[in-house]
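In: task: produce atomic coordinates for the following.
(one chain, ligands or ions: 2)
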Amino acid sequence: MADKIKTIAVLTSGGDAPGMNAAIRAVVRTGLARGLKVKGIKKGYAGLLNEEIIDMQAKDVSDIIQRGGTILGTARCLEFKQPEVQARGAEICRKHGIDGIVVIGGDGSYRGAQALSRNGINTIGLPGTIDLDISCTDYTIGFDTAVNTAMDAIDKVKDTSSSHERCSIIEVMGRGAGYIALWCGIANGAEDILIPEKYDFNEQNIINNIIDNRKKGKTHHIIINAEGVGHSQSMAKRIEAATGIETRATILGYMQRGGNPTATDRYYASIMGAKAVDILIEGKTNRVVGHQRGEFVDIDIEEALNMDKSIDDYEFEVSKLLSV
Ligand code: ADP
Ligand code: F6P
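Out: Ligands and ions are numbered 1, 2, ... in the order given. Next up, the predicted model:
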C-alpha cells in the first residue's frame, strides 16, 4: 500500500440515484479491509464546506445495499464552482486528515472532484446518475433501476390507456439525454419515442401515426417523451384536438429516482466502489471509474469530460422498426 493514503472519505453529489448506497458500502468496507480510516461526508460539497464529516465503520453501512437514495444525503452546491471555495474544501479535507475522496455523482460532480484534485486531495469519481449521460462509461449507477421503475409504471398506464382507447404521452426523466426514454420505448413497445437527440419536432408525423394505428385497430397509442423534449401536457392537448382521440399526459417524475436498486445496480456499484478505493491506494487521482466494453476501467477526469456519447443510430432505428 502506498504510504500516502491513510484516510479516505466518500460523498454523494447531484441528483440521487438507486445504487448509491451500494457504492458507499463498497467504499467503506473496501477501505476498512485495506486498513484505511474511512469517513462519510454528508450532503455533497455543501456538507464538505459545513464540515458535516463522520467516521464510518463497517456496521454503519449494514442493511443499506437494498435501499434507494443515499444515506449520506446529497446536494447541488453552486458555490463549489468558485476556485476559492474549492480551495477551502481541500483545506477542510486536510484539517480532517482526509487524503483521498470518492465522489459519487455525474459530470458536474466530477468538475468538483477535479478541483479537489487540483488542490492536492486525491480524488476519484464514480458514475452515479439515472440519466446514463456520462460519456466515459456505458453504465451509470441508478440507470437500470430507473428504467425498470419507469417500465413498470408505463405498463400500468398502458392498461388503462387501452381500456379507454386513449393516446398516452408518458414523460420520463433524463435531463438532456434520451436513454431512459429509448430503453422504455423499446421495453414497453411504445408506438412513438421522442428523444432530444433525434426528435425533429414534426408533430404532424406523430398525429398521422396515431390515425394510421387507429385505422389498423390498435386500441392504444403510447408515446414515450423524454424530459429533454418536454411539453407533454401541451402536446397532449394539440394531439387530442388534431386526432379527436382522447389524449392524456403522465409525467413520471421523481418516482424514477427512488426505490430499491436492481441487482445490476447493486453489483456494478459494489465493484466500482471497491475499485475507486483500490486505485486511490495505488496513488491515482483525478480519475473516474467507468465500464467500457465489458470491463471496469479508470479514465482521467479531463479526458472523461471531453468525451462524446450519442444514442446509437442502429438501436434508434430498431425502436422505429418495432413500433409498427
Ligand atoms: P451531476 O453531478 O449529477 O451532473 P450537477 O451538475 O448538479 O449534478 O453537479 C452536482 C454538483 O457538483 C454541483 O451542485 C456542484 O456542487 C458541483 N459542480 C458542478 N459543476 C461544477 C464545477 N464546474 N466546478 C465545481 N463543482 C461543480
Ligand atoms: O440527473 C437526474 C435527474 O433526475 C434528471 O433526470 C432531472 O433532469 C434532474 O435530475 C432533476 O433535478 P432536480 O432533482 O434538481 O430537480
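In: state the helix or strand in which the spatially closest residue to Ala177 that is not a sequence neighbour lies.
Out: What sits nearest to Ala177 in space, not counting adjacent residues and going by Cβ to Cβ, 6 or more residues apart in numbering, is Asp133, at 3.8 Å. All C-beta spots, glycine's among them, are computed from the backbone N, C-alpha and C. Asp133 is located outside every helix and strand, with elements delineated by DSSP states H and E.
In: thinking Asp133 is in contact with Gly178, fair?
Out: No. At 9.3 Å, Asp133 and Gly178 do not qualify as touching, with contact defined as Cβ atoms under 8 Å.
In: between those two, which one's more packed in?
Out: More crowded of Asp133 and Gly178, by other Cβ atoms under 10 Å: Gly178, with 30 against 20.
In: got the contact list for that one?
Out: By Cβ atoms under 8 Å, 6 or more residues apart in numbering, Gly178 lies in contact with Ile193, Ile195, Pro196, Glu197, Lys198, Ala226, Gly228, Val229, Ile311.
In: separation between Cys77 and ligand 1?
Out: For Cys77, the distance to ligand 1 equals 4 Å [Cβ to the nearest ligand atom, to the nearest Å].
In: any idea how far Glu191 is from that residue?
Out: 41 Å (Cβ to Cβ, to the nearest Å).
In: what does Ile281 give?
Out: 51 Å.
In: tell me how many other residues crowd the residue lying closest to Ala17 once chain neighbours are set aside.
Out: In this structure, Ala17 finds its nearest non-sequential neighbour in Gly142, 2.6 Å apart by Cβ to Cβ, 6+ apart. Using other Cβ under 10 Å, Gly142 has 30 neighbouring residues.
In: repeat for Leu182
Out: Leu182: 27 neighbours (other Cβ under 10 Å).
In: and it, backbone torsions?
Out: phi -60, psi -50 (degrees, to the nearest 10).
In: am I right that it is in contact with Ile195?
Out: Yes. At 5.8 Å, Leu182 counts as touching Ile195 under the criterion of Cβ under 8 Å.
In: joint contacts of these two?
Out: Common contacts of Leu182 and Ile195 (Cβ under 8 Å, 6+ apart): Ile311, Phe316.
In: ok, back up a step: dump the residue contacts of the residue nearest to Ala177.
Out: Residues counted as contacts of Asp133 (Cβ under 8 Å, 6+ apart) are Gly106, Asp107, Thr140, Gly174, Arg175, Gly176, Ala177, Tyr179, Lys309.
In: what about 10 Å?
Out: 106-107, 127, 140, 143, 174-180, 228, 309 (Cβ atoms under 10 Å, 6 or more residues apart in numbering).
In: most neighbours, which of these?
Out: Result: Pro127 is most packed of the contacts of Asp133 (other Cβ under 10 Å), 32 neighbours.
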